[in-house]
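**Student:** Structural data only, the sequence is not supplied:
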């Protein structure tokens, strides 16, 4: 009783002291002490409740913004997610190295996907050493590490706790994304939903409409799964409202690749739902391929005649503009970036130019015939616009091969698990994880965002979630190794 009384008196004394000191500092226009309670709270959570920090990071991801103009050794970062991820990584590794229980947890990650992720990180480290711009490459390596360690490795530990934690991860991201989408739609409405305004109305939360559209497409399958799995009517109605907001946001994102990725995800859903065998899928793909080869001259002529522009607000014309490679500046510039990526690879086929360096080195490799009205020589126009060609140029053929293998491994193992799984909850969850990943990695043919928190956190989270389901929550058999 005496100890409790004494601790209360100490607490009251500290609060009064804080108020007095803070009042004095504010009088002299010093406001730094205001953040002390937040720092103390975060410190406590980092030590005792990493799970809450994990969910906080997920929630903050759609709401984060990039300090592009912050002059910190030339490094920009996403706030508050990347500072939280950095501290999370340090704390998690410290606990793993000093607590036997956590060491055992880390050593138990023997899944082939995890092994390949470590191989990829090791290769990124190797190519960073011989990079054209080592500082940029090591920053890329660090940022990739603070996505993988907290989201993938700790994520597996977090999801092991059960279904509740899986849904907490989804809801944390969805609630924040609804806020961003509503903000964007209101901002867009003020600007008459014009196509031109559609490029910047999501600022400062998203860099442009393509990344915004890609993330909307990514979360729509997850939203649909939550509606399907929800048992409470009020929650189902709320999730239906969320889905409507996301679909409206996707439409007004004017992002053609995101629209296409949703269509492809629906196609994948039909293939799995109807249990169409692999040989029939191959046959389905071969038939149009034969048709294209046989009629290549006529198709090439029609494509060259296509003059539909992506800047239109008309949905059908915007879809039609996807195949315009004669006058559409966006399509032509993408081809320019792809050609540069291939030229960079041919110049340095083994180690590449260094992770994260594409934007700084590609300009001299542009050919005059490929230049467009939006081409630039200052490295300020984005990257290779491909989740596949970017590692080819930056990490060489081996980096490209690891990347393709990793993506392929995830889809193969998750597909096999879906086919063999008899537990309805985990079976359907796995299917919608596949659909979400399908939207991103098909979109990844035309754009790449895995170096940003907006895409990296949900992507690594979904991969970690599948590994947890397969390995811990509902393993098919003890003899299964994947």
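**Tutor:** Nice, I can see it. Just so you know, these numbers come straight off a predicted model, no measurement behind them.
**Student:** how about residue 210, phi and psi?
**Tutor:** phi -70, psi -40 (degrees, to the nearest 10).
**Student:** what's around it, how many residues?
**Tutor:** 23 (other Cβ atoms under 10 Å). C-beta coordinates here come from the backbone N, C-alpha and C atoms, glycine included.
**Student:** For it, list the residues it contacts.
**Tutor:** When contacts are counted by Cβ atoms under 8 Å, 6 or more residues apart in numbering, residue 210 touches 255, 257, 258, 447.
**Student:** Columns neighbour count, pLDDT and secondary structure on top of those, output as CSV?
**Tutor:** Listed next are those as CSV, based on neighbours: other Cβ atoms under 10 Å; pLDDT from 0 to 100; DSSP: H, G, I helix; E, B strand; the rest coil:
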residue, neighbour count, pLDDT, secondary structure
255, 26, 88, coil
257, 20, 88, helix
258, 28, 92, helix
447, 24, 87, coil
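**Student:** Pick the one among those residues closest to residue 242.
**Tutor:** Of all the contacts of residue 210, residue 242 sits closest to residue 258, with 17.1 Å by Cβ to Cβ.
**Student:** Help me confirm that that closest one comes into contact with residue 219.
**Tutor:** No: counting by Cβ atoms under 8 Å, residue 258 does not reach residue 219; the two are 11.2 Å apart.
**Student:** where's the closest residue to residue 446 other than its chain neighbours relative to residue 213, distance?
**Tutor:** Nearest residue to residue 446, sequence neighbours excluded (Cβ to Cβ, 6 or more residues apart in numbering): residue 257, at 4.5 Å. Between residue 257 and residue 213 the computed distance is 7 Å (Cβ to Cβ, to the nearest Å).
**Student:** burial measure for the closest residue to residue 441 other than its chain neighbours, as a count.
**Tutor:** Excluding the flanking residues, the one nearest residue 441 by Cβ to Cβ, 6+ apart is residue 407, at 5.7 Å. Look at residue 407: counted by other Cβ under 10 Å, it has 18 neighbours.
**Student:** Next one: residue 407 from residue 400, what distance?
**Tutor:** For residue 407 relative to residue 400 (Cβ to Cβ), the value is 11 Å.
**Student:** Excluding sequence neighbours, find me the nearest residue to residue 219.
**Tutor:** Ranked by Cβ to Cβ, 6+ apart and with sequence neighbours excluded, the top spatial neighbour of residue 219 is residue 177, at 5.9 Å.
**Student:** where does that neighbour land in three-state SS?
**Tutor:** Three-state assignment for residue 177 (DSSP: H, G, I helix; E, B strand; the rest coil): helix.
**Student:** So it is in contact with residue 62, correct?
**Tutor:** Yes: applying Cβ under 8 Å as the test, residue 177 and residue 62 come out as touching, 4.4 Å apart.
**Student:** Now do the shared contacts for the two.
**Tutor:** Counting by Cβ under 8 Å, 6+ apart, the common neighbours of residue 177 and residue 62 are residue 215.
**Student:** show me the residues around the residue nearest to residue 219 that make contact.
**Tutor:** By Cβ under 8 Å, 6+ apart, the contact list for residue 177 reads 62, 215, 216, 219, 246.
**Student:** Just the helices from the stretch 101-250 of the chain, written as ranges.
**Tutor:** Taking DSSP state H, counting those that start in this stretch as the test, the helices found in the stretch 101-250 of the chain are 112-129, 134-147, 154-159, 163-190, 209-229, 233-251.
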